[in-house]
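Undergrad: no sequence for this one, just the structure:
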């Protein structure tokens with residue numbers, strides 16, 4: 001396995017693990033994991049090039065990126081630093097909140113949760129829709145099945161940009177596709 005594929009595979013594992021653990025007090029664990037990853041990567045690199053010296057191995061796999069040194073990278077792909085993951089604290093529910101009566105409070109709470117958890121284009125789409133389904137207008141939960149809907153389909157010249165993207169419930173998407181196929 002080359003450095004590029006190792007980087008790709010490891011980044012997927014890191015991203016999944018940190019997304020799962022970012023809502024608890026895990027900063028010490030994140031730092032330890034970064035240290036442990038460095039040790040494992042160093043052993044991997046030395047095992048891969050047993051006849052080369054430490055300086056050669058370090059300059060081949062570890063680079064300087066911006067103001068950070070010792071960044072494990074292959075080409076433009078670099079290994080994610082686990083301790084750079086933001087810890088997102090759980091927000092307590094208001095004491096007198098009733099999920100059956102305070103629907104707006106819980107919709108706003110879900111929207112805020114999405115703003116903390118999502119990143120990139122998905123966060124922009126979530127913000128643009130205020131955390132609501134594009135088809136039915138009901139609030140969306142992060143844990144439920146949802147899909148990205150393209151207002152102008154890619155097959156008809158639509159582009160993968162925020163203005164053309166919308167979050168929809170999976171059920172709403174199926175209903176929309178069925179109704180469009182009947183036309």
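TA: Cool, got the structure. The structure presented is a predicted model; accordingly, all values stated were derived computationally and were not measured. Numbers count the residues shown, from 1 in each chain.
Undergrad: and the longest helix for this structure?
TA: Taking DSSP state H as the criterion, the chain has its longest helix at helix 27-48.
Undergrad: Give the other helices and strands that that helix contacts.
TA: In terms of contacts (3 or more CB pairs under 8 Å, 6 or more residues apart in numbering; DSSP states H and E), helix 27-48 is packed against helix 3-21, helix 54-61, strand 68-74. Yep, even glycine has a C-beta here, placed from its N, CA and C like the rest.
Undergrad: among these, which is nearest residue 114?
TA: Closest of these to residue 114 is helix 3-21, at 13.5 Å (criterion: CB to CB).
Undergrad: So which bits of that closest one are buried?
TA: Within helix 3-21, the residues that count as buried by 16 or more other CB atoms under 10 Å are 3, 6, 7, 10, 14, 17, 18, 21.
Undergrad: Equivalent analysis for stretch 85-100, please.
TA: By neighbour count on 16+ other CB under 10 Å, the buried set for stretch 85-100 is residue 85.
Undergrad: Skipping its backbone neighbours, what lies nearest residue 11 in space?
TA: The shortest distance from residue 11 to any non-neighbouring residue, by CB to CB, 6 or more residues apart in numbering, is to residue 80 (5.1 Å).
Undergrad: Where does that neighbour sit: helix, strand or coil?
TA: Using DSSP: H, G, I helix; E, B strand; the rest coil, the structure places residue 80 in coil.
Undergrad: Report the mean per-residue pLDDT for the longest helix of the chain.
TA: Averaged across helix 27-48, the pLDDT comes to 93.
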